[in-house]
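*Asks:* Curious how this folds, go ahead:
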Amino acid sequence: MKRLSLAAVSLIALLAAPAVAQQAPVIEQNSVAAHIGFLAGEELQGRGSATRDEAIAAAYVTAQFRLAGLTPVPGMTGYVQRAPVVKTTPSGAATVTLGATTLTQGADFAILTGGLNAASGAVTVATDPAALPSGSETLMIAPAEGPGVRAVFGAAMRSGAKLILLRRTEALAAATGDNGSRDPVIRLADATPRVGPVVLVVAPEAYDRLAAAGGTAAFDPGQSEVEQGFTSNAIGWLQGTDPSAGVLMISAHLDHIGVRSDGVVMPGANDDASGTVAVIELANALAASGPHERSILFVAYGSEEAGLLGSRYFVANPPIPLTDIAANLEIEMIGDQDPQLPAGVMMMTGFERSNFGAALKERGALIGPDPYPEQNFFQRSDNYALALQGIVAHTISGWATIPTYHTPEDTIENLDIPFMTNAIQSLVQPLKAMADGDFTPEWAEGGRPQ
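*Replies:* A predicted model of the protein is given here:
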């Protein structure tokens, strides 16, 4: 009998060996730190919505998509979807007049919302902030100190008043501060400008003078500056083997607040450079473990901070039919651990609304229900634009109520890189299973938003 060579014996042994499950690609902590170091570094100045810094961040993301082996979406000529926007910069010198009294922005009041529009009307002073009168043109409210001011604000917005003057509390002062007097307001170019009530936070002494005087108050926003611009969605495509299997979509938003009008940089390391890094890392991992049955769409939206503009434009101008998208996982603020959740676990907004979260969790994703349902986080992220179209879409977060939220302290130094790395790693195998299996994401009864 002819003796087999060592190479032949090795080949036979390899073919006869039982199949070994493919290991999930490893997410390297150093890679996570490198990406976050650029996106949240001082060079990009907080990636302000619809700014050059945001466009650079989008270019960086698309370069990573290309390195991972992703291609442009069929029908697109590149990796970037640009959405035209209109930027309106307030004067910063608004006034309120009532009789012989004139209040000036900054010294006497700060603008909470709606400060681009003139407004006027007869003053009604609310005697009970918990039971606001309806039909008032100008409504003056003195909320109590404490967190209950959120409910007062919500009731005021629903009151029908054109001009709302809130007596300043510590909570309201924190919401407005000394900044924002000339921060631009951005809208999609084809969107009708929103017209809502003007809400001002008035210094106690100035508020008391107006309340005592009564009469008709008038708000003058001053002369605003208007300019055209664009915001950038970075989009990459991983082709699947079964066109009929639907598309899995993984997304985040790449912008943040940028440089405030007072010159303070808002780095946005957690919000949402962390989610953008997760999209980059998952693109690499899923491309390396493919091909998959489902195609996978990777998206990093622009101008989320300006009103979910990137996702709204994406839905209105989809690069693929929205009916092809089986599910969307949005990743936002995964840079630290919520102390209310079990160690290592992230929350998913609207977890109970569909079978998507439970299926990911069963396959190893470190996620669980949202412990803050009263905050309505499901409606406050980019997933919502897709959910309104019937797509099963949720957002996962590490710590949604983190103290550094929208502060200059949202820096790389305040991230938990090991937690973030482990969180991304936990998503690799479950998302691979979703891309390869026959699982069908479905809304629970009553779960789809209307």
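*Asks:* Low-confidence stretches in the protein?
*Replies:* 1-22, 177-180 (pLDDT under 70).
*Asks:* Scan it for its longest helix.
*Replies:* Longest helix in the chain, counting residues (DSSP state H): helix 417-436.
*Asks:* Could the C-alpha coordinates of that helix be exported in CSV?
*Replies:* Written as CSV, here are the backbone C-alpha positions of helix 417-436 (Å, rounded to 0.1, in the frame of the first residue of the first chain):
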residue,chain,number,x,y,z
ILE,A,417,-13.6,52.8,26.9
PRO,A,418,-13.5,49.2,28.3
PHE,A,419,-17.3,49.3,28.8
MET,A,420,-17.8,50.8,25.4
THR,A,421,-15.6,48.2,23.7
ASN,A,422,-17.4,45.3,25.5
ALA,A,423,-20.8,46.8,24.6
ILE,A,424,-19.9,46.8,20.9
GLN,A,425,-18.4,43.3,21.1
SER,A,426,-21.7,42.0,22.5
LEU,A,427,-23.6,43.2,19.4
VAL,A,428,-21.4,41.5,16.8
GLN,A,429,-22.6,37.9,17.1
PRO,A,430,-26.3,38.8,17.6
LEU,A,431,-26.3,41.2,14.6
LYS,A,432,-24.5,38.5,12.5
ALA,A,433,-27.2,36.1,13.5
MET,A,434,-29.9,38.6,12.4
ALA,A,435,-28.1,39.1,9.1
ASP,A,436,-27.8,35.3,8.5
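*Asks:* Can you show me the strands along the stretch 251-400 of the chain?
*Replies:* Remark: strands assigned in the stretch 251-400 of the chain by DSSP state E, counting those that start in this stretch are 258-259, 265-266, 295-301, 325-331, 346-348, 367-369, 392-397.
*Asks:* Would you convert the ones you listed into a markdown table that also reports distance to residue 340 and mean neighbour count?
*Replies:* (C-beta placed from N, C-alpha, C; glycine too.) A markdown table is the format used below for these (distance: least, Cβ to Cβ, whole Å; neighbours: other Cβ atoms under 10 Å):
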| stretch | distance to residue 340 | mean neighbour count |
| --- | --- | --- |
| strand 258-259 | 30 | 18 |
| strand 265-266 | 25 | 20 |
| strand 295-301 | 28 | 27 |
| strand 325-331 | 19 | 26 |
| strand 346-348 | 9 | 26 |
| strand 367-369 | 10 | 19 |
| strand 392-397 | 12 | 28 |
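*Asks:* Can you check which of the ones you listed gets nearest to residue 220?
*Replies:* Among those, the nearest to residue 220 by Cβ to Cβ is strand 258-259 (26.9 Å).
*Asks:* Return the residues in contact with the residue most central in space within the chain.
*Replies:* In the chain, the residue lying closest to the centroid (Cα atoms, centre = their mean) is residue 381, at 4.6 Å. Residue 381 sits next to 304, 308, 330, 332, 349, 395 when contact means Cβ atoms under 8 Å, 6 or more residues apart in numbering.
*Asks:* Swap in 6 Å and give it another go.
*Replies:* Applying Cβ atoms under 6 Å, 6 or more residues apart in numbering, one finds that residue 381 lies in contact with 330, 332, 395.
*Asks:* Kindly reformat the strands of the stretch 251-400 of the chain as CSV containing distance to residue 38.
*Replies:* Formatted as CSV, those follow (distance: least, Cβ to Cβ, whole Å):
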stretch, distance to residue 38
strand 258-259, 16
strand 265-266, 15
strand 295-301, 13
strand 325-331, 18
strand 346-348, 23
strand 367-369, 27
strand 392-397, 22
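*Asks:* and of those strands, who's closest to residue 318?
*Replies:* For the strands of the stretch 251-400 of the chain, proximity to residue 318 was assessed by Cβ to Cβ; strand 325-331 is nearest, at 8.3 Å.
*Asks:* all helices of the stretch 1-150 of the chain, in order?
*Replies:* 6-16, 29-39, 52-68, 149-157 (DSSP state H, counting those that start in this stretch).
*Asks:* Can I get the ones you listed in CSV including distance to residue 363 and mean neighbour count?
*Replies:* Output for those, formatted as CSV (distance: least, Cβ to Cβ, whole Å; neighbours: other Cβ under 10 Å):
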stretch, distance to residue 363, mean neighbour count
helix 6-16, 29, 9
helix 29-39, 22, 17
helix 52-68, 22, 20
helix 149-157, 37, 17
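*Asks:* would you list those helices in a markdown table and tack on distance to residue 104?
*Replies:* Formatted as a markdown table, those follow (distance: least, Cβ to Cβ, whole Å):
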| stretch | distance to residue 104 |
| --- | --- |
| helix 6-16 | 81 |
| helix 29-39 | 39 |
| helix 52-68 | 32 |
| helix 149-157 | 23 |
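*Asks:* Now for residue 315: which residues touch it?
*Replies:* 385, 389.
*Asks:* for the one 4 residues further on, same thing?
*Replies:* For residue 319, the contacting residues are 73, 76, taking Cβ under 6 Å, 6+ apart as the criterion.
*Asks:* Please apply the same query to residue 105.
*Replies:* So residue 105 contacts residue 94 (Cβ under 6 Å, 6+ apart).
*Asks:* beta partners of it?
*Replies:* Note on residue 105: beta-bridge partners by DSSP bridges are residue 109.
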